[in-house]
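Enquirer: Structure for this input, please:
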Amino acid sequence: MNMVGLIAGDVRAKAIWLYGSGGAKHVLKALLTDGTFAMLMYRMMQASQRAHLAPLAMIFNKLNGFFGRCIIGRGADFGPEFVLIHSYGVVINSAVRGGRGIKLEHLVTIGAERQAAPVLGDDVFVGAGAKIIGAVRIGSRTRLGANAVVNRDVPDDATAVGIPARIIERGAPDSVPRDSPEPSGAAGGTRP
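Expert: Residues are numbered from 1 along each chain as shown. Alright, predicted model coming up:
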């Protein structure tokens, strides 16, 4: 996928998450929300890294830190539909890998420990203030609650909360109707 298509997919995914629609009006609104600038700077940094333009990648990284108020390591690699719902205080290590449809709230930390970094599957939601540390695997279609501290693997189709994080729900998160209340202590954040 080319960079323009990747960025457009990210912004469209954010519009769908925030407003329930990927239509032009909602995409425009998503472009103007908190976190979108940081998403754009991350993708520009990623493209510069892949083109072996390290000085340019460093500039995008610094712009993201100053204006986007988040730090994403130059080697961090996320698939399409990467969404920073809010970018304030997000810190992501360079060695982190993530699949398609990663959605992060503010103050999330995804960090390495002893040079081993987390790997996130597809369709992962990480609530505000959550920490994912070390050589852990976060399965696909998972939700991590606000302020959860994840230091062990989380299987596919699970919801994890607490310090340290524990599984409170198994099964695909989309099996819960979108207009029903979140489970106690669950991911929180904005749902369409």
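Enquirer: Report the buried residues of stretch 29-47.
Expert: For stretch 29-47, a neighbour-count test (16 or more other CB atoms under 10 Å) marks 29-30, 33, 35-47 as buried. Every residue, glycine included, has its C-beta placed from N, CA and C.
Enquirer: contacting residues around that stretch?
Expert: 3, 6-7, 10-12, 14-15, 18-19, 57, 60-61, 63-64, 67-70, 72, 74, 76-78, 82-88, 90 (CB atoms under 8 Å, 6 or more residues apart in numbering).
Enquirer: among these, which ones are buried?
Expert: Neighbour counting with 16+ other CB under 10 Å marks 6-7, 10-12, 14-15, 18-19, 57, 60-61, 63-64, 68-70, 72, 76, 78, 82-88, 90 as buried within these.
Enquirer: how far does the least confident helix or strand in the chain by mean pLDDT sit from the chain's center?
Expert: Using mean pLDDT, DSSP states H and E, strand 166-170 stands out as the lowest-scoring helix or strand of the chain, at a mean of 87. In terms of CA atoms, centre = their mean, to the nearest Å, the centre of strand 166-170 is set 20 Å apart from its chain centre.
Enquirer: Ok, stretch 125-143 next?
Expert: Chain-centre distance of stretch 125-143: 9 Å, with CA atoms, centre = their mean.
Enquirer: ends of stretch 105-122, how far apart?
Expert: This stretch, stretch 105-122, spans 16 Å end to end (CA to CA, to the nearest Å).
Enquirer: please renumber so the chain begins at 25
Expert: In the new numbering, first residue 25, that becomes stretch 129-146.
Enquirer: Okay, buried residues for that stretch please.
Expert: Buried, per 16+ other CB under 10 Å, within stretch 129-146: 129-136, 141-146.
Enquirer: pLDDT on it, on average?
Expert: Stretch 129-146 shows a mean pLDDT of 95.
Enquirer: ditto for stretch 70-90
Expert: According to the model, stretch 70-90 has a mean pLDDT of 94.
Enquirer: Give me the number of neighbouring residues for Ala75.
Expert: 11 (other CB atoms under 10 Å).
Enquirer: right, I mislabeled it, should have said Val148
Expert: 23.
Enquirer: now do the one 10 residues further on
Expert: Other residues near Gly158 come to 15 when the count uses other CB under 10 Å.
Enquirer: ok, and the closest non-adjacent residue to it?
Expert: Glu137 (3.6 Å; CB to CB, 6 or more residues apart in numbering).
Enquirer: Point out where the protein drops to low pLDDT.
Expert: Within the chain, the stretches with pLDDT under 70 are 25, 196-216.
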